[in-house]
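> Here you go, sequence then predicted model.
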Amino acid sequence: MDTETVITCHCGQIVQEKDILQHGRFPRLMSPGFLYVKFRCPRCKRLGERFVPQGAGSGRAARAGLEISGDDAIRFKAMGDIELDEVIDFHFQLESRPLRDLVDSSDG
């Protein structure tokens, strides 16, 4: 039976998907991993974070924040998955460029 995981703030307010600011996965070798969820409480406005066992719920917390428009979804799907070679190439491109080239000049 698949039950929905409910994340609550210290004040008792239930956190909705729209309140999640950041999430990530923490895999483990010998047991199920965890989902890290960082949120802002809609009631008290405090930041909170939870580690949720990965087997719990349907994984909706892991998909939160991935809302994109239909056109973008089609375009991203057509691009396919990011390959390991692409990640390595990107890393070396970043490493070879001076930091001042990576910082947007309009920020400061």
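Happy to help now that I have it. Numbers count the residues shown, from 1 in each chain.
> When you work out contacts or count neighbours from here on, use the C-alpha atoms and nothing else.
Fine.
> Residue 8: neighbour count?
16 (other CA atoms under 10 Å).
> do residue 50 as well
Neighbour tally, residue 50, other CA under 10 Å: 15.
> any idea of the mean pLDDT in stretch 74-94?
Stretch 74-94 carries an average pLDDT of 87.
> residues of that stretch that come out buried?
Buried residues in stretch 74-94, defined by neighbour count with 16 or more other CA atoms under 10 Å: none.
> By residue count, what's the longest helix in the chain?
If you go by DSSP state H, the chain has its longest helix at helix 84-96.
> Dump it to CSV, restricted to CA.
Extracted in CSV, the C-alpha atoms of helix 84-96 (Å, rounded to 0.1, in the frame of the first residue of the first chain):
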residue,chain,number,x,y,z
LEU,A,84,28.3,11.3,-18.3
ASP,A,85,30.6,12.6,-21.1
GLU,A,86,28.6,15.8,-21.3
VAL,A,87,29.0,16.4,-17.6
ILE,A,88,32.7,15.8,-17.8
ASP,A,89,33.1,18.1,-20.8
PHE,A,90,31.1,20.8,-19.0
HIS,A,91,33.3,20.4,-15.9
PHE,A,92,36.5,20.9,-18.0
GLN,A,93,35.0,23.9,-19.8
LEU,A,94,34.2,25.6,-16.5
GLU,A,95,37.6,24.7,-15.1
SER,A,96,39.4,26.3,-18.1
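> counting contacts, what elements does it pack onto?
Helices and strands touching helix 84-96, as assessed by 3 or more CA pairs under 8 Å, 6 or more residues apart in numbering; DSSP states H and E, are absent.
> now it, how far from the chain's geometric center?
21 Å (CA atoms, centre = their mean, to the nearest Å).
> Kindly report the same for stretch 41-56.
Centre to centre, stretch against its chain (CA atoms, centre = their mean), the figure for stretch 41-56 is 13 Å.
> which residues are in contact with it?
2-5, 7, 9, 11, 13, 15, 19, 32-40 (CA atoms under 8 Å, 6 or more residues apart in numbering).
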